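K.L.:
Can you look at this prediction? I've put the sequence above it.
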Amino acid sequence: MEKHITLPLTAELAKTLHAGDTVYLTGTIYTSRDAGHKRMCEALARGEELPFDPADATIYYVGPTPAKPGQVIGSAGPTTSGRMDAYAPTMMSVGARGMIGKGARLPEVVEAMKQYSGVYFGAIGGAGALLAKCIKKAELIAYEDLGAEALRKLYVEEMPLIVIIDSEGRNLYEEGRAAYLAKR
């Protein structure tokens with residue numbers, strides 16, 4: 001099913017999304033990769049607040065290239081999500097609900113998604129220049145020393161994504177493989 005959704009990704013909205021849905025996302029998202037996630041989880045362990053409000057937030061696993069003159073951002077393709085698997089349950093426990101990336105997730109992440117009504121969206125790898133066109137605003141908000149992995153706040157319009165794993169733990173990668181094998 002095709003859905004146009006506006007963030008934030010509340011628990012109620014997350015529960016309306018199902019593995020295999022095509023989603024066009026509009027609203028504020030945050031960028032972070034493994035170095036940023038590690039730093040945020042260390043801050044949480046020390047009892048510190050994050051540089052953004054994680055409640056109902058969506059995090060895009062991306063390390064964008066620098067913007068060329070006249071551009072908001074450079075190429076912004078997804079990073080392999082498994083690199084954030086050690087941190088995703090902690091991030092969801094403080095309110096982050098959506099994740100955008102590519103590739104499979106560990107069972108612990110899927111369990112956390114079920115517990116916290118999380119959604120994992122897949123972005124098309126290799127289409128970073130196309131995805132960057134959906135980004136209308138970009139602001140560096142923390143960890144500038146991490147370069148491309150710094151924490152950014154983005155405003156996106158109609159960002160094309162696929163729900164890979166929904167809040168009930170249904171996984172498009174597993175369901176698609178099973179459907180393919182059943183036809184053989």
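P.N.:
Here it is on my side, so go on.
K.L.:
Break down the chain into its helices, ranges please.
P.N.:
With DSSP state H as the criterion, the chain has helices at 11-14, 34-45, 88-93, 107-116, 128-132, 172-182.
K.L.:
Relative to Ala148, tell me which of those wins on proximity.
P.N.:
Of all those, helix 34-45 sits nearest to Ala148, with 9.6 Å by Cβ to Cβ. Bear in mind the C-beta positions are built from the backbone N, C-alpha and C, glycine included.
K.L.:
Which strands or helices does the closest one pack on?
P.N.:
Counting contacts by 3 or more Cβ pairs under 8 Å, 6 or more residues apart in numbering; DSSP states H and E, helix 34-45 packs against helix 88-93.
K.L.:
lowest-pLDDT helix or strand in this protein?
P.N.:
helix 172-182 (a mean of 81; mean pLDDT, DSSP states H and E).
K.L.:
what's in contact with that one?
P.N.:
With contact meaning Cβ atoms under 8 Å, 6 or more residues apart in numbering, helix 172-182 is reached by 19-20, 104, 122, 162-165.
K.L.:
try stretch 3-12
P.N.:
13, 16-17, 21-29, 55-58, 97-98, 117, 119, 158, 167.
K.L.:
Also stretch 13-20?
P.N.:
By Cβ under 8 Å, 6+ apart, stretch 13-20 touches 1, 3, 5, 23, 97-98, 117-119, 162-168, 170-172, 175.
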